[in-house]
Structures are given as structure tokens and as C-alpha cells.
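# Curious how this folds, go ahead:
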Amino acid sequence: MPKWVLDWSEGSLIFIIVLTLVSVILLSVPLRETIPVDFFYMLITFYFAWRRSKRPKN
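Prediction:
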């Protein structure tokens, strides 16, 4: 597995756990609304990580 995928998954997992806990526990947002936001964040960061990995190295 490429290093950029591992870096992306580690960073996304940490942020999604924190975002979910803060949203559900502290802000009382229903989990049903939090999950799509987490998924959307994961897709956006995956796209940017993929683009960053495709840039030519200078």
C-alpha cells in the first residue's frame, strides 16, 4: 500500500473520531447527521492526498 494512503487513513481516522465525539457528546448532534459529514470529509481529504501524491517531485 502506498505511503500516502497510510498517511491519509491515519490522519482521517484521528480527525473523524474527534469530530464524531465532539459532535455527538458535546454538541448533542444526532449520530445520523454526523456520519455523512465524516464521510464527506474523508472523501475530500482522500482526493487532496491523491492529488498531492501525483505532483512531480522537485
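
# Could I get the average pLDDT for the helix or strand harbouring Ala49?
Element membership for Ala49 (DSSP states H and E) is helix 31-54. Across helix 31-54, pLDDT averages out at 93.

# what packs against it?
With contacts defined as 3 or more Cβ pairs under 8 Å, 6 or more residues apart in numbering; DSSP states H and E, the packing partners of helix 31-54 are helix 3-21. Glycine gets a C-beta too; all of them are placed from N, C-alpha and C.

# Surely Phe15 and Val37 touch.
No - at 11.3 Å, Phe15 does not count as touching Val37 under the criterion of Cβ atoms under 8 Å.

# and the end-to-end length of stretch 20-38?
One end of stretch 20-38 sits 8 Å from the other (Cα to Cα, to the nearest Å).

# any idea how far that stretch is from the chain center?
14 Å (Cα atoms, centre = their mean, to the nearest Å).

# Likewise for stretch 12-31?
Distance, centroid of stretch 12-31 to centroid of chain: 12 Å (Cα atoms, centre = their mean).

# Now do that stretch: everything it contacts.
Thr34, Ile35, Val37, Asp38, Tyr41, Met42, Thr45, Phe46 (Cβ atoms under 8 Å, 6 or more residues apart in numbering).

# what about the second one, how many residues close to it?
By other Cβ atoms under 10 Å, 14 other residues sit near Ile35.

# and it, what does it touch?
Applying Cβ under 8 Å, 6+ apart, the residues near Ile35 are Thr20.

# Tell me the one among the contacts of stretch 12-31 nearest to Trp4.
Phe46 (9.8 Å; Cβ to Cβ).

# Spatially, what comes nearest to that closest one if we skip its sequence neighbours?
Trp8 (6.0 Å; Cβ to Cβ, 6 or more residues apart in numbering).

# How about Trp50, nearest residue that isn't a chain neighbour?
Trp4 (7.3 Å).

# how close does that neighbour sit to Glu10?
11 Å (Cβ to Cβ, to the nearest Å).
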